[in-house]
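A.B. asks: What follows is a predicted structure for the sequence shown.
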Amino acid sequence: MAELKVEIPEELKQEMDEFKVNWSLVVRKLIKQKLDKLFELKGIASKSKLTEKDVIELSEKVDESLAQRFRHSLKS
């Protein structure tokens, strides 16, 4: 399996240490979800007349949605 190094602020690490969570699994799932959405968008974009700007705006909305889900999952 490949490795990915992620740098996070020390404050975030301290907060994460308060919980017994497999953070590697959490990140893998989030990356997979993001990739699924990107491939879906890529398929849609290849058949549509969206401009590159439209695709970027859509991607930013997806990013924000995933970030909100991640923040919500940390509260659970």
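C.D. replies: Noted; the coordinates are in hand. Numbers count the residues shown, from 1 in each chain.

A.B. asks: and the residue sitting furthest away from the middle of the chain, which of the three is it?
C.D. replies: Residue farthest from the centre of the chain, counting by CA atoms, centre = their mean, is residue 49 at 25.7 Å. Here residue 49 is recorded as coil under DSSP: H, G, I helix; E, B strand; the rest coil.

A.B. asks: Tell me which helix or strand residue 42 sits in.
C.D. replies: If you go by DSSP states H and E, residue 42 is part of helix 23-47.

A.B. asks: Just the buried positions in that helix, please.
C.D. replies: 37, 41, 45 (16 or more other CB atoms under 10 Å). In short, each C-beta sits where N, CA and C put it, glycine included.

A.B. asks: And the very next helix or strand once past it, what does it pack against?
C.D. replies: Going down the chain from helix 23-47, the next helix or strand is helix 52-75, by DSSP H and E. When contacts are defined as 3 or more CB pairs under 8 Å, 6 or more residues apart in numbering; DSSP states H and E, helix 52-75 packs onto helix 23-47.

A.B. asks: could you check the angle helix 52-75 makes with the helix it packs on?
C.D. replies: 160 degrees (axes from the mean of the first three to the mean of the last three CA atoms, to 10 degrees).

A.B. asks: got the contact list for helix 23-47?
C.D. replies: 4, 6, 16, 50, 55, 58, 59, 62, 63, 66, 70, 73 (CB atoms under 8 Å, 6 or more residues apart in numbering).

A.B. asks: Widest-spaced pair of the residues you listed?
C.D. replies: Using CB to CB, those reach their maximum pairwise distance at 16 and 50, which is 37.1 Å.

A.B. asks: The buried residues of helix 23-47 into JSON lines, with extra columns for distance to residue 22 and pLDDT?
C.D. replies: Formatted as JSON lines, the buried residues of helix 23-47 follow (distance: CB to CB, whole Å; pLDDT from 0 to 100):
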{"residue": "37", "distance to residue 22": "22", "pLDDT": "94"}
{"residue": "41", "distance to residue 22": "28", "pLDDT": "85"}
{"residue": "45", "distance to residue 22": "34", "pLDDT": "74"}
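
A.B. asks: Turn those into CSV, including distance to residue 30.
C.D. replies: Shown next, in CSV, are those (distance: CB to CB, whole Å):
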residue, distance to residue 30
37, 11
41, 16
45, 22
